[in-house]
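Student: My questions concern the predicted model and sequence given below.
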Number of protein chains: 2
Amino acid sequence: MRKNVLLTIAYDGAGFHGWQRQPSELTVQGYLERVMSGLFKTEIVLNGTSRTDAGVHAYGQRASFRAELGIPTEKIPMVVNNALSGAQKGAYAISPVRILEAEDMPEEFHARFDSVGKQYIYHIRNSQSVNVFDRNYVYHVKEQLDVDAMAEGARHLVGTHDFKSFEASGGNPRETTVRTIYDAVIDAQESTDPMGHSGRDIKLYIKGDGFLYNMVRIITGTLVDLGLGKIAPEEMENIISTADRRCAGHTAPPYGLYLAEVFYDISKLQD
Amino acid sequence: MRKNVLLTIAYDGAGFHGWQRQPSELTVQGYLERVMSGLFKTEIVLNGTSRTDAGVHAYGQRASFRAELGIPTEKIPMVVNNALSGAQKGAYAISPVRILEAEDMPEEFHARFDSVGKQYIYHIRNSQSVNVFDRNYVYHVKEQLDVDAMAEGARHLVGTHDFKSFEASGGNPRETTVRTIYDAVIDAQESTDPMGHSGRDIKLYIKGDGFLYNMVRIITGTLVDLGLGKIAPEEMENIISTADRRCAGHTAPPYGLYLAEVFYDISKLQD
């Protein structure tokens, strides 16, 4: 019986050229499709919810696929994860990609089209000292950031707006640049890095019904510019209303960004 | 004036084939020598204290070199770190290698031969769930470890012993396999990984006057075998006294190992 399976996938994006399959680059989708196709002896084509950029990480990417498999759906994570670990060199290898969950979905379900929202987390390290182990995982900002200004700026994002100012060129054409941000919260925690240097972990938690190309990275860069005093927090509304990318701040680097969660409307799927 | 300079160096070993220069592999020593030689327009040859294996990390490797430099010693970290960051791709890059400190030393000082001890830290993650971000940084052990058994085993190591049972073949010939361990402590902390899964960070802090080839990794593997109940803690003395590698436990993987600190006897250097 042909099933429609929804996977929840975590990955360390450091070694990958993003999610989307490319002919000659290592990507998460390409890697996972190759391993799964070999394992299940049938061509697996994944429909991912988010085309994360090179270096971007995921706690909970989602992808669906249709196939006839010889095993129960709940065994998929174990079987695929064993193959993924085996595909790595070294006896104790942890795979950079891991299936967290597999669920049977209705026949017409599609992981991307049926998604009603996503949460991203952006991780900034605000400290004098540079930690070599942060390299692929956080955006290091040396100058002291004004967290209150960043939090105030983030609050202006909440609601339904045209977010064209926060869209990079080069994305896929979209019908509209209007999106709804449900939540945009800044959290700051004092912490000591493994080198023994103190600093702050500043995280942006942002939830919305959808995001434009590079939108979270441009929002983060703009909030950092607010934190540095380069832009006043009350400017945020103007930046939105101009619908002009040049009015927003810089683009934060990919490696501080984590796709945290993808949401579905269960009641709608059950209709 | 020709100076003798001692560097303190941190590195993320994940992308390197260890410390020691090799003709056709990327190593920390080779990379740093190349960048520094270009920068100072004179051949820089580093004498490192520890030939860390491929994948092993350092919070505080030490290396000395003799050269005539055009800049004051205290400026070396800033100048070299700027070059190291610039040598990386991307506008916000953090270098995997970083000079933490540079000090002038007496003419005859040698970072390795004058070292009187080292501290290593070995990081184990003991949790049901596998975290993709741990991949290059901790040894993941799924089965619940008995931390008390591990701590008891570690205590047997303290003192002056022949550690031949904990030496891998393939190292450089040594005059003696007798070493003194000053301290071997197990620390366990409950913590939640970035994926939201709980578990324990178990760390071995081990300090000694010197370590044989793969000694910390074999000690760690043996302590894990104690923690798993495969070896009784009181066996530790027997394992030492047999002076037979086959009696000790498995070799823990390189990527959980951190060279934390190298010690010098300052009073001796000032004689």
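Tutor: That came through, no problem. Values in this document were obtained by computation on a predicted structure and should not be read as measured data.

Student: burial count for A:Ala232?
Tutor: The number of residues packed near A:Ala232 is 12, by other C-beta atoms under 10 Å in any protein chain shown. Bear in mind the C-beta positions are built from the backbone N, C-alpha and C, glycine included.

Student: leaving aside the residues next to it on the chain, what's closest to it?
Tutor: Spatial nearest neighbour of A:Ala232, excluding adjacent residues (C-beta to C-beta, 6 or more residues apart in numbering or on different chains): A:Leu226 at 7.5 Å.

Student: The one you found is in contact with A:Met236, isn't it?
Tutor: Yes - judged on C-beta atoms under 8 Å, A:Leu226 makes contact with A:Met236 at a distance of 7.5 Å.

Student: Looking at the two, which is more packed in?
Tutor: Neighbours per residue, other C-beta under 10 Å: of A:Leu226 and A:Met236, the larger number sits with A:Leu226, 28 against 22.

Student: give me the element the more buried one is part of.
Tutor: helix A:215-227 (DSSP states H and E).

Student: what mean pLDDT does that helix have?
Tutor: Per-residue pLDDT over helix A:215-227 has a mean of 98.

Student: Show me what it is packed against.
Tutor: Here helix A:215-227 touches strand A:115-126, strand A:139-141, helix A:147-157, strand A:178-192, strand A:198-208, helix A:236-242, strand A:257-264, going by 3 or more C-beta pairs under 8 Å, 6 or more residues apart in numbering or on different chains; DSSP states H and E.

Student: What residues of it count as buried?
Tutor: By neighbour count with 16 or more other C-beta atoms under 10 Å in any protein chain shown, helix A:215-227 contains the buried residues A:215-227.

Student: Tell me which two of the residues you listed sit farthest apart.
Tutor: A:Met215 and A:Gly227 (18.5 Å; C-beta to C-beta).

Student: in chain A, what spans have low per-residue confidence?
Tutor: Counting by pLDDT under 70, chain A has low-confidence residues at A:87-92, A:269-271.

Student: Spell out which residues of it are next to chain B.
Tutor: For chain A, the residues in contact with chain B (C-beta under 8 Å from any C-beta of the partner chain) are A:10-12, A:57, A:59, A:81, A:90-98, A:100, A:130-135, A:137, A:139-140, A:194-196, A:253, A:258.

Student: buried subset of these?
Tutor: Of the residues of chain A next to chain B, these count as buried by 16+ other C-beta under 10 Å: A:10-12, A:57, A:59, A:81, A:92-98, A:100, A:130-135, A:137, A:139-140, A:194-195, A:253, A:258.

Student: Tell me which of the helices and strands packed on helix A:215-227 approaches B:Ile186 most closely.
Tutor: strand A:178-192 (20.4 Å).

Student: Run through who's touching that closest one.
Tutor: A:117, A:119, A:126, A:147, A:150-151, A:154-155, A:157-163, A:198-212, A:215, A:219, A:223 (C-beta atoms under 8 Å, 6 or more residues apart in numbering or on different chains).

Student: rewinding a little: just the CA trace of the helix holding A:Leu226, in CSV.
Tutor: The C-alpha coordinates for helix A:215-227 follow below in CSV (Å, rounded to 0.1, in the frame of the first residue of the first chain):
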residue,chain,number,x,y,z
MET,A,215,13.5,37.2,6.0
VAL,A,216,14.6,35.9,9.4
ARG,A,217,18.2,36.7,8.7
ILE,A,218,17.4,40.3,7.6
ILE,A,219,15.1,40.8,10.6
THR,A,220,17.9,39.5,12.9
GLY,A,221,20.4,41.8,11.2
THR,A,222,18.1,44.8,11.6
LEU,A,223,17.5,43.9,15.3
VAL,A,224,21.3,43.7,15.8
ASP,A,225,21.6,47.2,14.2
LEU,A,226,18.9,48.3,16.7
GLY,A,227,20.9,46.7,19.5
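
Student: could you check the angle strand A:115-126 makes with it?
Tutor: Relative orientation of helix A:215-227 versus strand A:115-126 (axes from the mean of the first three to the mean of the last three C-alpha atoms, to 10 degrees): 40 degrees.
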